[in-house]
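Student: Pasted the sequence and its predicted model underneath.
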Amino acid sequence: MKIILLGPPGAGKGTIAKVLTQYDGSVQISTGDILRGAVAAGTELGKQAEAAMKAGNLVTDELIMGIMEQRLQQDDCKIGYLLDGFPRTIPQARALKTLLEKLNEKLDCVLELDISRDVIIDRLTTRRTCTQCGAIYNIKSKPPKVDGICDVCGSDIVQRDDETEAVISNRLEVYNDQTAPLVDFYRQEGLLLSIQTSDSGPVLEALKSRLR
Ligand code: AP5
């Protein structure tokens, strides 16, 4: 399936994408992971994105579309993909629509992850991420077996640079201003499916039954 995961920081886009890729063989495409990889590698892309990411602002639409136009034409996308963190602005959504028309492809659905602000702050301040493989942990709800070490690849797990309360607050404002309008955009396209993700337990079961 070709799915967009839409939701504020900490809504669980990355967590749900990782589970769904095992379920149906689609690939997870996270623009945040691609950009963090570029920053860590010190590439030109990373240099252009770093300041905006540290402040919790969006990088430019041109930079993101440059990445995604190439990524969505790679062979592994033919099976299906979960877009995690893209699109994030109306211009990105319009550019994606044009690109998919050109590729003769269609989205199956846009899954909106609805979550309260309190739960977001709690989840993001307690999240930890693997520096190598990107596995996502939470010191409250999903701790690694050995403190500070990734269960999957044995590398260090750390808090991301954009996880201070001030930066999280800015990311939420940016989401409300620039990304939340996509909910109406995709509702009008007839693609929107909303799911409440504040409760930790039944999210994936609810999701599977809605997608069946
Ligand atoms: P990005 O990496 O996309 O960050 P984000 O959207 O802010 O989302 P997060 O990764 O913080 O949260 P998530 O929803 O994936 O939650 P997670 O599953 O980790 O973007 C980072 C930056 O890159 C942006 O600020 C921007 O600068 C730039 N950028 C990226 N894409 C861009 C674009 N298209 N345009 C412009 N700029 C762009 O879960 C969070 C925590 O909660 C984890 O600890 C997890 O274990 C826990 N958790 C998740 N689900 C549950 C559950 N059901 N129950 C209990 N705990 C749970």
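Tutor: Nice, thanks for sending it over.

Student: going forward, measure contacts and count neighbours with C-alpha atoms only.
Tutor: Fine.

Student: Does Val158 touch Asp147 like I think?
Tutor: No - Val158 is beyond contact range of Asp147, at 10.6 Å (criterion: C-alpha atoms under 8 Å).

Student: So between those two, which is more surrounded?
Tutor: Val158 (16 against 11; other C-alpha atoms under 10 Å).

Student: which stretches of the chain form helices?
Tutor: 13-24, 31-41, 44-55, 61-71, 90-103, 117-125, 165-174, 181-188, 203-211 (DSSP state H).

Student: Mean pLDDT, mean neighbour count and distance to the ligand for those helices - can I get that in JSON lines?
Tutor: Formatted as JSON lines, these follow (pLDDT from 0 to 100; neighbours: other C-alpha atoms under 10 Å; distance: least, C-alpha to the nearest ligand atom, whole Å):
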{"stretch": "helix 13-24", "mean pLDDT": "88", "mean neighbour count": "17", "distance to the ligand": "4"}
{"stretch": "helix 31-41", "mean pLDDT": "95", "mean neighbour count": "16", "distance to the ligand": "3"}
{"stretch": "helix 44-55", "mean pLDDT": "96", "mean neighbour count": "16", "distance to the ligand": "4"}
{"stretch": "helix 61-71", "mean pLDDT": "97", "mean neighbour count": "15", "distance to the ligand": "6"}
{"stretch": "helix 90-103", "mean pLDDT": "97", "mean neighbour count": "15", "distance to the ligand": "7"}
{"stretch": "helix 117-125", "mean pLDDT": "92", "mean neighbour count": "17", "distance to the ligand": "4"}
{"stretch": "helix 165-174", "mean pLDDT": "94", "mean neighbour count": "17", "distance to the ligand": "6"}
{"stretch": "helix 181-188", "mean pLDDT": "98", "mean neighbour count": "15", "distance to the ligand": "12"}
{"stretch": "helix 203-211", "mean pLDDT": "64", "mean neighbour count": "12", "distance to the ligand": "6"}
